[in-house]
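In: heads up, no residue letters with this:
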DNA sequence: GAATTGAATGCAAGCGCTTACATTTAGTGA
DNA sequence: TCACTAAATGTAAGCGCTTGCATTCAATTC
């Protein structure tokens, strides 16, 4: 209530409570070491002055911020949303705060964001995929900030991975597509440069081709940026090839939704004339008609495990263990055998 | 490259460059006041040591962070995504960094997040809507942090507003619905408690009722949380009333999409048997079939103007001016006259 | 050549907090 | 009652940076 001209500091609280700043600090951080009576006085003073600790000062003195940073490629679509959401919730339960930054799929921006988060005192980081300049890993090591990688599983990665096998998952889906009789298959991939998830998924399709006696080099593939619009454009382009594909596998649900929409606008019937598959299982995959056959990614589990492991590392209870999570194929309406 | 056991500080750089810390600091912040030769030496030292300024220390000394905080009700769906994205981009252009926090539509969490952002040194804040405890506004004033409100336009708000007229927009849409001949209209609203946007939209429908000789008290309305699932549930419930509505107006696209999906699953034809409208114009509104008639919100313009105004305020070039942006009604396939 | 001036730089005082260590206080057993 | 111990609190040294003011120095003027 009182009109003050300046913001209350620890010292003000100490003065008001008639104790030293050390005691106030202890009240806030390790309440159990201060006597109850003192604690009450301090608490009162804190309330009365509307005191909030200054984060920067605290970070500087304690060399610990209870802040975790995450740099994700995009916030524009829902690809990472659910996973990050759970990541955040899990961190919150343990008293950590999450700071999220987006790299827009640009390596140099990612590096800048990582540095920014570290400068802000992030105790640990969550990164997506392992494809980045080695200097980044050196930097993290030097600054002594722990990090984990999500969205991939790669035992040899320079940091612990909490993720899934993109290659294997896509390969399995491709096996299904081939198994249904599709021989002429197109791929719409996200940009693979600097994106190991996208690359491994394409590799998965290739592998399924080889295994099934198809020629991987005949794979029609288009790489494009993630957006509904681009997915549609890629579809149009793919359908121009002869023979036109009977199935198009997309590296991601956003592209797949764009492809389905555009196909239908063009009068191509999905799945009877053309099958389309996605990857991720984000919400739109169930909204689109026909519902999208896709690979379900364990977003929530990944977010939770990543948070738990990172906390373990920070608290010295783990030196960093990788964890592989399973994906599942969701057979929905957009995939069917080709009409022969 | 060099293996150091500790992170470089300003002092290390100063020593390496053979200058004082003050000079290094100036090199970083006001390069034009230091001689070119000195600047080069310092820059070299910075590079060599891989120096990154410590944010906390800087904030404490400079009392300025070039950081803006935004507290939005949810990150789970795309409602705020595009606006915030543009907000961020605009801030970035002026050298500001955005920190985003989510309140999950919970007032007490919102307050906590606001305090956290302020403690982190946010120079300014972006808030959504004006419906919050007056204490929050007092707190902001006391801490002397500037803030703007987005997503509503309300001349009497305690802070400058950069937004649109929710009431008017929904009223206009309702006029269209009524104008098409609908008399029995249901409403699926987001939770209105503590959410002025939701409340004003419902009021808009009511107003259109009055104007057109319909009885607002006959309005069938369900309040529910924002999710596709909840939207579907609400639809089911609304369709149980007799007479069943011929049109359902939703407070938001997410609810509308849920309603459309569920309706179709139940065999209700949209729009021939039932019209459904939304609000926001997020991406799914174009993916759903039939495409959703909705109110287009100027997300991008709002984000940009909010950022610009906030920066103006922070740099002392404005005392805070509100700005009203126009909405438009997007007539798409989900709205049609009732079959009589 | 001395005085004046302005540009470039250095000095050092904080900013608000944590924490190792010192000090005080209260409780214990002999 | 007194020495001894453990618990509670205080003292003060930083943490890494910015910035007002003092200093230096070279260029300019008379």
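Out: Received it, and whenever you're ready, just let me know what you need. Since we're looking at a predicted model, the values are computed, not measured.
In: residue A:302: what secondary structure?
Out: Three-state assignment for residue A:302 (DSSP: H, G, I helix; E, B strand; the rest coil): helix.
In: burial check on it, number of neighbours?
Out: Residue A:302: 23 surrounding residues under other CB atoms under 10 Å in any protein chain shown. Bear in mind the C-beta positions are built from the backbone N, C-alpha and C, glycine included.
In: and if you look at the one 10 residues further on?
Out: Counted with other CB under 10 Å, the burial measure for residue A:312 works out to 17 neighbours.
In: now swap in the one 10 residues further on and tell me
Out: Burial measure for residue A:322: 18 neighbouring residues, criterion other CB under 10 Å.
In: same question, residue A:227
Out: 16.
In: so it sits against residue A:257, correct?
Out: No: contact between residue A:227 and residue A:257 fails when scored by CB atoms under 8 Å: they sit 10.1 Å apart.
In: what helix or strand is residue A:48 on?
Out: Using DSSP states H and E, residue A:48 maps to helix A:36-49.
In: so which bits of that helix are buried?
Out: A:38, A:39, A:41, A:42, A:43, A:45, A:46, A:49 (16 or more other CB atoms under 10 Å in any protein chain shown).
In: list the helices and strands the helix or strand just after that helix packs on?
Out: Downstream of helix A:36-49, the next assigned helix or strand under DSSP H and E is helix A:55-62. Using 3 or more CB pairs under 8 Å, 6 or more residues apart in numbering or on different chains; DSSP states H and E, the elements in contact with helix A:55-62 are helix B:55-62.
In: off-centre distance for the helix it packs on?
Out: Chain-centre distance of helix B:55-62: 29 Å, with CA atoms, centre = their mean, to the nearest Å.
In: between it and helix A:55-62, how many degrees?
Out: Relative orientation of helix B:55-62 and helix A:55-62, computed by axes from the mean of the first three to the mean of the last three CA atoms, to 10 degrees: 120 degrees.
In: report whether helix B:55-62 contacts DNA strand C.
Out: Yes: looking at helix B:55-62 against DNA strand C by CB under 7 Å from any atom of the strand, the contacts come from B:57, B:60, B:61.
In: that helix and DNA strand D, are they touching?
Out: Yes: contact of helix B:55-62 with DNA strand D (CB under 7 Å from any atom of the strand) involves B:57, B:58, B:60, B:61, B:62.
In: give the rounded mean pLDDT of that helix.
Out: For helix B:55-62, the mean pLDDT works out to 94.
In: show me the contact partners of that helix.
Out: Applying CB atoms under 8 Å, 6 or more residues apart in numbering or on different chains, the contact partners of helix B:55-62 are A:54-60, A:116, A:119-121, B:65, B:121.
In: okay, strands next: where are they in the stretch 1-150 of chain A?
Out: Under the criterion DSSP state E, counting those that start in this stretch, the stretch 1-150 of chain A contains strands at A:67-72, A:97-102, A:124-128, A:146-150.
In: TSV please, covering these and showing mean pLDDT.
Out: Shown next, in TSV, are the strands of the stretch 1-150 of chain A (pLDDT from 0 to 100):
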stretch	mean pLDDT
strand A:67-72	96
strand A:97-102	92
strand A:124-128	98
strand A:146-150	97
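In: which of those sits closest to residue B:166?
Out: Comparing those by their distance to residue B:166 (CB to CB), the top pick is strand A:97-102, with 27.9 Å.
In: does residue A:149 have beta-bridge partners, and which?
Out: For residue A:149, the beta-bridge partners are residue A:127, residue A:161 (DSSP bridges).
In: now for it: which residues touch it?
Out: Counting by CB under 8 Å, 6+ apart, the residues that residue A:149 touches are A:126, A:127, A:128, A:129, A:130, A:157, A:159, A:160, A:161, A:162, A:163.
In: please repeat the previous calculation with a cut-off of 10 Å.
Out: Listed by CB atoms under 10 Å, 6 or more residues apart in numbering or on different chains, the contact partners of residue A:149 are A:125-132, A:157-163, A:196, A:306, A:322.
In: do residue A:290 as well
Out: The contact partners of residue A:290, taken as CB under 10 Å, 6+ apart, are A:260, A:264, A:269-272, A:275-276, A:332-336.
In: relative to chain B, how far out is it?
Out: For residue A:290, the distance to chain B equals 10 Å [CB to the nearest CB, to the nearest Å].
In: tell me the spacing between that residue and residue A:304.
Out: Distance, residue A:290 to residue A:304, using CB to CB, to the nearest Å: 32 Å.
In: and of the buried residues of helix A:36-49, the nearest to DNA strand D?
Out: residue A:38 (3.3 Å; CB to the nearest atom of the strand).
In: and the gap between the closest one and residue A:44?
Out: Taking CB to CB, one finds residue A:38 at 11 Å from residue A:44.
In: need the overlap of contacts for these two.
Out: Common neighbours of residue A:38 and residue A:44 (criterion: CB under 10 Å, 6+ apart): residue A:17.
In: for residue A:50, give me the pLDDT.
Out: 88.
In: surely it touches residue B:138?
Out: Yes: counting by CB atoms under 10 Å, residue A:50 touches residue B:138, with 8.9 Å between them.
In: those two - which one has more neighbours?
Out: A count of neighbours by other CB under 10 Å puts residue A:50 above the other of residue A:50 and residue B:138, at 17 against 13.
In: with adjacent residues omitted, what lies nearest to the more buried one?
Out: Nearest residue to residue A:50, sequence neighbours excluded (CB to CB, 6 or more residues apart in numbering or on different chains): residue A:8, at 6.4 Å.
In: for the closest residue to chain B within the stretch 201-340 of chain A, which non-adjacent residue is spatially closest?
Out: Nearest residue of the stretch 201-340 of chain A to chain B, counting by CB to the nearest CB: residue A:289, 5.2 Å away. The shortest distance from residue A:289 to any non-neighbouring residue, by CB to CB, 6+ apart, is to residue B:289 (5.2 Å).
In: next: residue A:28.
Out: The nearest residue in space to residue A:28 (CB to CB, 6+ apart) is residue A:53, at 6.5 Å.
In: how close does the one you found get to DNA strand C?
Out: Computed with CB to the nearest atom of the strand, to the nearest Å, the distance linking residue A:53 and DNA strand C is 4 Å.
In: kindly list the main-chain dihedrals of that residue?
Out: The phi and psi torsions at residue A:53 (degrees, to the nearest 10) take the values phi -60, psi 140.
In: ok, now which ones touch it?
Out: Contacts of residue A:53 (CB under 10 Å, 6+ apart): A:9, A:10, A:13, A:24, A:25, A:28, A:29, A:46, B:119.
In: is the first one in contact with residue A:49, as I believe?
Out: When you say that, I think you mean residue A:9. Yes: Residue A:9 lies in contact with residue A:49 (CB under 10 Å); the separation is 9.0 Å.
In: what touches both of the two?
Out: With CB under 10 Å, 6+ apart as the test, residue A:9 and residue A:49 both reach residue A:15.
In: what count of nearby residues applies to the residue in the stretch 151-300 of chain A that DNA strand D sits nearest to?
Out: DNA strand D sits closest to residue A:159 of the stretch 151-300 of chain A, with a gap of 24.3 Å, by CB to the nearest atom of the strand. A count of nearby residues for residue A:159, using other CB under 10 Å, gives 19.
In: doesn't residue A:319 make contact with it?
Out: No: the pair residue A:159 / residue A:319 is not scored as a contact, 11.6 Å apart, by CB under 10 Å.
In: overlap of the contact sets of those two?
Out: Here residue A:159 and residue A:319 share the contacting residues A:146, A:313, scored by CB under 10 Å, 6+ apart.
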